[in-house]
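Trainee: give me a 3D structure for the following:
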Amino acid sequence: MIRVLVVDDSSTMRRLISASLSADPDLEVVGEAGDPLEAREAIKTLNPDVITLDVEMPNMNGLDFLERLMRLRPMPVVMVSTLTARGTEATLTALELGAIDCVEKPGGSDPAGFSRLAEKVKIAARARVRQRAVRAEPLAVDIFTPSERIVAIGSSTGGVEALLTIVERLPANCAPTVIAQHMPASFTKSFAERLNRTSAATVSEARDGDPLVPGRVYVAPGGDFHLEVEGTRHLRCRVSQGDPVSGHCPSVDVLFSSVARAAKDHAVGVILTGMGRDGARGLLSMREAGARTLGQDEATCVVYGMPRAAFELGAVERQLPLEKLGPAIRNLTNKETER
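Mentor: Down below sits the predicted model:
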């Protein structure tokens, strides 16, 4: 039985969340708290396995509480937020701080609005939560000349922090990089803007027809869209609506498979933390086409699901800790050090 503490300043919302979670036989709501100060005492007394946490609350901002929690007593947290423009930015900050996932509050009083909350809480209970790592220092300036390779990265649960760690260390003239991160439609534009603020390269949400050029990073739109790479001599983004593939939209399998077809051995594939198997077969297609392939290792994954599935399938050439993936990508796409 997974023990859950519900933290929200609205008593109505606490009842809705508790009702939604209690309907699952694997979950037990052991307590509720109206603000972070109450939550702090409840954690000491009840020792829950997972916390659901609102973003904006009285007495202490939810983000300030999360930062302290991850620094002093790391534990799985699922954010429950109103995904307004302001709320989206705050939730992205929460994911960067170490929250496992996020759920949108329903607009009305129907608990069905939390249809995926129980699933996300159960995933969070299995996640590996560590004290937030100190962000690595920028790479020393050296000679970087992009080769003809492109980079494709896929991630899911825990991917926000992982992608920030990798993308912020890319050189300004990095190899063209395409990313599929499992994320709601309302998040991807803000996430791309956040990556852009911390990276020397230019990061944006991918648009249909965008040419793949050095110094650019393209994030797949969330929602009903898939990102693919197409073309022969001149590669470009293809963004199109479609049904979920491997359970997701955008799908990492769709992205990786398209890179295998279009770029063949002129590519590097990287699979990061995430639940499930999305990306495993696509990465295998890339490796079979001659691409270099990397996977995040178990010790640094929040959820060692997607990388494990890819590794067991034989799709991963090398597994590396998160902090070494950025330098490895750089080496594999640098004409000066390419091997």
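
Trainee: rest of the way, CA atoms for contacts and neighbours
Mentor: Fine.

Trainee: who are the neighbours in contact with Ala118?
Mentor: Residues touching Ala118, when contacts are defined by CA atoms under 8 Å, 6 or more residues apart in numbering, comprise 20-21, 24, 27.

Trainee: helix or strand right after the helix or strand hosting it?
Mentor: In this assignment (DSSP states H and E), Ala118 forms part of helix 117-126. Using DSSP H and E, the helix or strand that directly follows helix 117-126 along the chain is strand 150-155.

Trainee: compute the distance between the closest residue to Val213 other than its chain neighbours and Gly326, please.
Mentor: Sequence neighbours aside, Pro176 is the residue nearest to Val213 in space, at 5.3 Å (criterion: CA to CA, 6 or more residues apart in numbering). Distance, Pro176 to Gly326, using CA to CA, to the nearest Å: 14 Å.

Trainee: and the two? Which one has more around it.
Mentor: Set side by side, Pro176 and Gly326 show unequal neighbour counts under other CA atoms under 10 Å, the larger going to Pro176 at 25 against 19.

Trainee: got the phi/psi numbers for that one?
Mentor: Reported as degrees, to the nearest 10, the phi and psi values for Pro176 are phi -50, psi 130.

Trainee: thought it was touching Gly215?
Mentor: Yes - taking contact to mean CA atoms under 8 Å, the distance of 6.3 Å between Pro176 and Gly215 places them in contact.

Trainee: number of residues surrounding Glu323?
Mentor: Using other CA under 10 Å, Glu323 is surrounded by 17 other residues.

Trainee: name the SS class of it, please.
Mentor: Here Glu323 is recorded as helix under DSSP: H, G, I helix; E, B strand; the rest coil.

Trainee: wait, it sits on Leu164?
Mentor: No - in terms of CA under 8 Å, Glu323 does not count as a neighbour of Leu164; the distance is 10.9 Å.

Trainee: give me the pLDDT for the residue lying farthest from the centre of the chain.
Mentor: Among residues of the chain, the one most distant from the C-alpha centroid is Thr45; the distance is 31.7 Å, by CA atoms, centre = their mean. As summarised for this prediction, Thr45 has a pLDDT of 97.

Trainee: gap between it and Met57?
Mentor: With distances defined as CA to CA, the gap from Thr45 to Met57 amounts to 21 Å.

Trainee: so Thr273 makes contact with Leu294?
Mentor: No - with contacts counted by CA under 8 Å, Thr273 stays clear of Leu294, the gap being 12.0 Å.

Trainee: of these two, which one has the most company?
Mentor: Between Thr273 and Leu294, counted using other CA under 10 Å, Thr273 has the larger neighbour count: 29 against 26.

Trainee: now the residue nearest to the more buried one when sequence neighbours are not counted: how far from Thr88?
Mentor: Leaving out its chain neighbours, the residue that sits closest to Thr273 by CA to CA, 6+ apart is Cys301, at 4.9 Å. Between Cys301 and Thr88 the distance, using CA to CA, works out to 24 Å.

Trainee: so where's the stretch 201-339 of the chain uncertain?
Mentor: Within the stretch 201-339 of the chain, the stretches with pLDDT under 70 are 338-339.

Trainee: which parts of it are strands?
Mentor: Taking DSSP state E, counting those that start in this stretch as the test, the strands found in the stretch 201-339 of the chain are 202-205, 216-219, 225-230, 236-241, 267-271, 292-296, 318-320.

Trainee: just checking, Arg236 touches Arg207?
Mentor: No - in this structure, Arg236 is not within contact of Arg207 by CA under 8 Å, at 9.6 Å.

Trainee: between these two, which has more neighbouring residues?
Mentor: Arg236 (21 against 17).

Trainee: Asp35 versus that one, what's the distance?
Mentor: Separation of Arg236 from Asp35 (CA to CA): 48 Å.

Trainee: and the closest residue to Ser156 other than its chain neighbours, how many neighbours?
Mentor: In space, and not counting its chain neighbours, Ser156 is closest to Gly274: 4.2 Å by CA to CA, 6+ apart. For Gly274, the tally of surrounding residues (other CA under 10 Å) stands at 26.

Trainee: surely Gly274 touches Glu161?
Mentor: No - taking contact to mean CA under 8 Å, the distance of 11.9 Å between Gly274 and Glu161 leaves them out of contact.

Trainee: filter the contacts of Ala118 down to the buried ones.
Mentor: Taking 16 or more other CA atoms under 10 Å as the criterion, what is buried in the contacts of Ala118 is 20-21, 27.

Trainee: what residues are up against Thr177?
Mentor: Contacts for Thr177 were tallied using CA under 8 Å, 6+ apart; they are 150-153, 212, 216-218.

Trainee: likewise Val254?
Mentor: With the criterion set at CA under 8 Å, 6+ apart, Val254 makes contact with 226-228, 245, 279, 282.

Trainee: how about a cut-off of 7 Å?
Mentor: 228, 282 (CA atoms under 7 Å, 6 or more residues apart in numbering).

Trainee: can you check the one 10 residues further on too?
Mentor: Residues in contact with Lys264 (CA under 7 Å, 6+ apart) are 286, 289-291.

Trainee: adding distance to Lys105 and neighbour count, write those out as JSON lines.
Mentor: As requested, these are arranged in JSON lines below (distance: CA to CA, whole Å; neighbours: other CA atoms under 10 Å):
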{"residue": "Met286", "distance to Lys105": "38", "neighbour count": "29"}
{"residue": "Ala289", "distance to Lys105": "43", "neighbour count": "19"}
{"residue": "Gly290", "distance to Lys105": "45", "neighbour count": "16"}
{"residue": "Ala291", "distance to Lys105": "41", "neighbour count": "24"}
